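Colleague: Curious how this folds, go ahead:
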Amino acid sequence: MEERIEIGGKAYALRYTVNSLCAMEERCGCSLEQALSKDFTAARLLLWGGLIAKQPDLTLERAGEMLDRYLEDGGSIGGIVEIAAQALEAAGFLQDHA
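Modeller: Next up is the predicted model:
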């Protein structure tokens, strides 16, 4: 399952897989629960992890630039985290996010 997010007028699909979650944990050295905190590092990691299934060459730095654009367009860190949580739940990785 995917969730859509619009950044800079372009729609992107956030899709989480076991491999993308493993890559996220390896990159941050933390668990999924820790990554769901609402700080900038976690938001960038969540965006990157959701995009790499369809864009495997995406770097964390590019995900950060996309996050900058999302914020410039009026989005929020909490918005990224919420969309990511919805995508993670839809993919079966979160039982209950509330």
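
Colleague: For the protein, name the helix or strand with the lowest mean pLDDT.
Modeller: helix 32-35 (a mean of 76; mean pLDDT, DSSP states H and E).

Colleague: For it, name the packing helices and strands.
Modeller: helix 18-28, helix 40-51 (3 or more C-beta pairs under 8 Å, 6 or more residues apart in numbering; DSSP states H and E). From N, CA and C alone the C-beta is placed, and that goes for glycine too.

Colleague: Save these as CSV, and put in distance to Arg69 too.
Modeller: Shown next, in CSV, are the helices and strands packed on helix 32-35 (distance: least, C-beta to C-beta, whole Å):
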stretch, distance to Arg69
helix 18-28, 21
helix 40-51, 11
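
Colleague: For stretch 4-14, which outside residues touch it?
Modeller: Here stretch 4-14 makes contact (C-beta atoms under 8 Å, 6 or more residues apart in numbering) with 2-3, 47, 50-51, 54, 66, 69-70, 73, 75, 80, 83-84, 87.

Colleague: Identify each buried residue in that stretch, please.
Modeller: Ile5, Ile7, Tyr12, Leu14 (16 or more other C-beta atoms under 10 Å).

Colleague: burial of the closest residue to the last one other than its chain neighbours, as a residue count?
Modeller: Spelled out, that is Leu14. Ranked by C-beta to C-beta, 6 or more residues apart in numbering and with sequence neighbours excluded, the top spatial neighbour of Leu14 is Gly50, at 3.2 Å. For Gly50, the count of nearby residues is 29 (other C-beta atoms under 10 Å).

Colleague: doesn't Ser20 make contact with Gly50?
Modeller: Yes: contact status for Gly50 versus Ser20: in contact at 7.1 Å, counting by C-beta atoms under 8 Å.

Colleague: on that earlier part again, looking at the helices and strands packed on helix 32-35, spot the one closest to Gln95.
Modeller: Of all the helices and strands packed on helix 32-35, helix 18-28 sits nearest to Gln95, with 14.5 Å by C-beta to C-beta.

Colleague: Packing partners of the closest one?
Modeller: In terms of contacts (3+ C-beta pairs under 8 Å, 6+ apart), helix 18-28 is packed against helix 32-35, helix 40-51.
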